[in-house]
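Enquirer: based on what follows, work out the 3D shape:
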Amino acid sequence: MKKRSSGDGAGTHGGKDAPRGSGPVLRTVSGPVRGREAAGGVVAVLGIPYAAPPFGARRFGEPEPAAPWNGVRDCTAFGPVAPQSAELPGAPAWRPGDEDVLTVNVWAPEDAATGPGPLPVFFWIHGGANTFGSSAQPDFDGTALARAGLVVVSCNFRVGFEGFGHVPGHPANRGLLDQAAALRWVRDNIAAFGGDPENVTVAGHSSGAGAVVCLMAMERARGLFRRAVAHSVPSTFHSVALATAVTGRIAAAAGVAPTAEGLRSASPGALVAASDAVSAACATAPVAAVHAFESVIFQPVVDGEVLPTDPLRALASGAARDIDLLLCHAEEEYWFLHTVGAVREVTTEAELGELARALGLPDGLADGYGAVMPGAPVLDRALAVLGDAKFGAYTTRLAETHARAGGRAHLARFARARTGVRPWHTADVPFAFGNLDAPGADFLLGGPPEEEDRALSRRMLRAWADFAAGGEPGWPPVTATATPARVWAVPADRLADVTASPVHGLWRSVPFGLLRPLRGTDA
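Expert: This next block holds a predicted model:
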């Protein structure tokens, strides 16, 4: 990446003096930006606006272009996050008044723009139950992936009510629209950083993975990426009726009318607080309620416009067969959510039956786990059912559906375990990013990484890089008749036949569909 002198182009942006420094200066369509040197020959350019602040007259609207600036904009620190109550280790917390929340970050080899050719682009979407999260989380640092030959981009976008709440007369899925706008920024700007706008892989974990498969189904994202990586894809998508019912409860908690005018009258902070209250109530709701056994109240909405249909149906139709897809899930997803208190205890056979009915599962499916897990406590079986219902079985179904529709799909499972921890939700992310020493990673890993862990991380990171470069992660793809999966493990990986698993047989005929309100208004 070619550097300019420290004074080249220095001036002002937004009416404030931009700090002069020795970092590289790159030109975007909105104006020049200054980054900083990261470790190991990598340049990081952080907090670049890709759209205008989505507040004031723009609140609840589609993202609009960022205003251009004069002079060099200092981009050596992450931008503010969207309104949320979470305070995540190593990432900035949202504070009232933070408005410039639609920003991207880029990591690239320092010689990327002057090398023999453009590099593949890896675009990351963070998770967080569509309610919280930040691209600044330390385990999402793109330095190691950039060293592997990628230009890495991550973005902040609207979450919670600002991004996914139903507002009459306003677009649904504003968080997804933000991500599509960030991808357009990549198309228009990434060549200046040494990236190839014709070779973009969009990737994410958990709700970020849900966003990835939604983008595959969205006409507004068509042509903006060539490949997709989705780890632990959640199976939940809301109907318009359910999204409307959720908004009604949030508006009541905030003391405003569930109209556009009423919702605009509530500050972003007030809607965060109201949403948190509704979420807490859902976590203890009767098992007959749609949101029983979980507290995630914001999901992508199948509105027929922004998101025309749910991703599984979109893939089945062949709408995304030209996009290569790499999917992965953890073998014991829900143990993490149980450990952090995000799911209620299920300790009796009667409660397990209630759980299965709340999830809409066929009679006998939960009982089948008794045969698959003989002698296991009820809690273990309940968490296995939840993990497969919410992530594992759905992720597998997406791979098989994409392959049968003529697309190319690869499947993996994360099985690395250690005393005191399991192969659970989120633990695969620092491995694939090469960030095992990031703050907070030791909780996911169960302590400091061992050499076998570092070797596994190198293998997973290489698979991501190779897939982003040419669509080949290193093992056979899923076909119309076979579902091979790479099982990431220590001390060595293995290749598994998913179709031979008795759990796969239990889920073979289970439909995945939209969540709808019960009794007309039950959210």
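
Enquirer: ok, so what distance separates Trp475 from Arg486?
Expert: 4 Å (CB to CB, to the nearest Å). (C-beta placed from N, C-alpha, C; glycine too.)

Enquirer: joint contacts of those two?
Expert: His410, Ala412, Leu495 (CB atoms under 8 Å, 6 or more residues apart in numbering).

Enquirer: number of residues surrounding the first one?
Expert: Just to be clear, that refers to His410. Number of residues near His410 (other CB atoms under 10 Å) recorded here: 26.

Enquirer: just to revisit the earlier point, so which of the shared contacts of Trp475 and Arg486 are in strands?
Expert: His410, Ala412, Leu495 (DSSP state E).

Enquirer: hey, where'd the strands end up in the stretch 51-200 of the chain?
Expert: 73-74, 103-109, 119-125, 151-155, 195-205 (DSSP state E, counting those that start in this stretch).

Enquirer: need these in CSV (columns: distance to Glu452).
Expert: Putting those into CSV (distance: least, CB to CB, whole Å) gives the following:
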stretch, distance to Glu452
strand 73-74, 41
strand 103-109, 27
strand 119-125, 25
strand 151-155, 26
strand 195-205, 22
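
Enquirer: which of the ones in strands among the shared contacts of Trp475 and Arg486 lies closest to Pro120?
Expert: For those, the closest approach to Pro120 (CB to CB) belongs to His410, at 16.2 Å.

Enquirer: which regions of the stretch 401-523 of the chain lie under the pLDDT threshold?
Expert: 514-523 (pLDDT under 70).

Enquirer: now the helices for it?
Expert: 428-433, 441-445, 451-470, 502-507 (DSSP state H, counting those that start in this stretch).

Enquirer: closest one to Val200 among the ones you listed?
Expert: Per CB to CB, nearest to Val200 of those: helix 451-470, 8.6 Å.

Enquirer: for that closest one, C-alpha coordinates in CSV please.
Expert: Taking C-alpha atoms only, helix 451-470 is exported to CSV below (Å, rounded to 0.1, in the frame of the first residue of the first chain):
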residue,chain,number,x,y,z
GLU,A,451,0.1,-25.2,20.8
GLU,A,452,-2.6,-27.5,19.5
ASP,A,453,-5.1,-24.7,19.6
ARG,A,454,-2.7,-22.4,17.7
ALA,A,455,-2.3,-25.1,15.0
LEU,A,456,-6.1,-25.5,14.7
SER,A,457,-6.4,-21.7,14.4
ARG,A,458,-3.8,-21.7,11.6
ARG,A,459,-5.8,-24.4,9.7
MET,A,460,-9.2,-22.6,10.1
LEU,A,461,-7.7,-19.2,9.1
ARG,A,462,-6.1,-20.8,6.0
ALA,A,463,-9.5,-22.4,5.1
TRP,A,464,-11.2,-18.9,5.2
ALA,A,465,-8.4,-17.3,3.2
ASP,A,466,-8.3,-20.1,0.6
PHE,A,467,-12.1,-20.0,0.3
ALA,A,468,-12.2,-16.2,-0.1
ALA,A,469,-9.4,-16.4,-2.8
GLY,A,470,-10.8,-19.2,-4.9
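
Enquirer: may I see the buried residues of it?
Expert: 453, 456-457, 459-461, 463-469 (16 or more other CB atoms under 10 Å).

Enquirer: thinking again about what came up before, in JSON lines, list the helices of the stretch 401-523 of the chain along with distance to Thr76.
Expert: What follows is the helices of the stretch 401-523 of the chain, written out as JSON lines (distance: least, CB to CB, whole Å):
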{"stretch": "helix 428-433", "distance to Thr76": "21"}
{"stretch": "helix 441-445", "distance to Thr76": "24"}
{"stretch": "helix 451-470", "distance to Thr76": "25"}
{"stretch": "helix 502-507", "distance to Thr76": "47"}
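
Enquirer: which one of the shared contacts of Trp475 and Arg486 is nearest to Ile297?
Expert: Looking across these and measuring by CB to CB, the closest to Ile297 is Ala412, at 29.9 Å.

Enquirer: how about Gly474, what does it touch?
Expert: Arg462, Ala463, Asp466, Arg486.

Enquirer: closest to Glu261 out of those residues?
Expert: Among the contacts of Gly474, Ala463 lies closest to Glu261 (CB to CB), at 50.0 Å.

Enquirer: wouldn't that closest one be in contact with Glu472 here?
Expert: No - in this structure, Ala463 is not within contact of Glu472 by CB atoms under 8 Å, at 9.2 Å.

Enquirer: close enough to count as contact, Ala465 and Gly149?
Expert: Yes - between Ala465 and Gly149 there is a contact under CB under 8 Å: 6.0 Å.

Enquirer: shared neighbours of the two, which are they?
Expert: With CB under 8 Å, 6+ apart as the test, Ala465 and Gly149 both reach Pro120.

Enquirer: coming back round to it: distance to Arg264 added to the ones in strands among the shared contacts of Trp475 and Arg486, as CSV?
Expert: Supplementary listing: these in CSV, determined by distance: CB to CB, whole Å:
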residue, distance to Arg264
His410, 45
Ala412, 44
Leu495, 54
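
Enquirer: least trustworthy helix or strand in the chain by mean pLDDT?
Expert: strand 12-13 (a mean of 34; mean pLDDT, DSSP states H and E).

Enquirer: doesn't Gly61 make contact with Ala51?
Expert: No - under the criterion of CB under 8 Å, Ala51 is not in contact with Gly61, lying 10.6 Å apart.

Enquirer: ok, these two, which is more surrounded?
Expert: Ala51 (26 against 15).

Enquirer: where do the helices sit along the stretch 201-350 of the chain?
Expert: According to DSSP H, counting those that start in this stretch, the helices that the stretch 201-350 of the chain contains are 207-217, 240-254, 260-265, 268-283, 311-316, 333-339, 349-358.

Enquirer: so for Asn199, which of the ones you listed sits nearest?
Expert: helix 207-217 (16.3 Å).

Enquirer: next one: that closest one to chain centre, how far?
Expert: 7 Å (CA atoms, centre = their mean, to the nearest Å).

Enquirer: and that helix, what's buried?
Expert: For helix 207-217, by 16+ other CB under 10 Å, it's Ser207, Gly208, Ala209, Gly210, Ala211, Val212, Val213, Cys214, Leu215, Met216, Ala217.

Enquirer: list the buried residues for stretch 330-349?
Expert: For stretch 330-349, by 16+ other CB under 10 Å, it's Ala330, Glu331, Glu332, Glu333, Tyr334, Trp335, Phe336, Leu337, His338, Val343, Arg344, Val346.

Enquirer: widest-spaced pair of these?
Expert: Glu331 and Arg344 (22.0 Å).

Enquirer: which residue ranges form the helices in the stretch 51-200 of the chain?
Expert: Under DSSP H, counting those that start in this stretch, the stretch 51-200 of the chain gives helices at 143-147, 160-164, 174-189.

Enquirer: and the ones you listed as CSV, adding mean pLDDT?
Expert: Compiled in CSV, these are given as follows (pLDDT from 0 to 100):
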stretch, mean pLDDT
helix 143-147, 97
helix 160-164, 98
helix 174-189, 98
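
Enquirer: out of these, which one sits most buried?
Expert: Stretch with highest mean neighbour count among the helices of the stretch 51-200 of the chain: helix 160-164 (a mean of 27; mean count of other CB atoms under 10 Å).

Enquirer: and the spatially most central residue of the chain, how far from Phe237?
Expert: Nearest to the geometric centre of the chain sits Gly208, at 1.1 Å (CA atoms, centre = their mean). Using CB to CB, Gly208 is found at 15 Å from Phe237.

Enquirer: could you do Asp324 as well?
Expert: 23 Å.

Enquirer: my guess is Gly513 contacts Arg313, does it?
Expert: No - between Gly513 and Arg313 there is no contact, the gap being 9.0 Å when judged by CB under 8 Å.

Enquirer: pick out whichever of those two has more residues nearby.
Expert: Arg313 (16 against 13).

Enquirer: list the contacts for that one?
Expert: No contacts exist for Arg313 under CB under 8 Å, 6+ apart.
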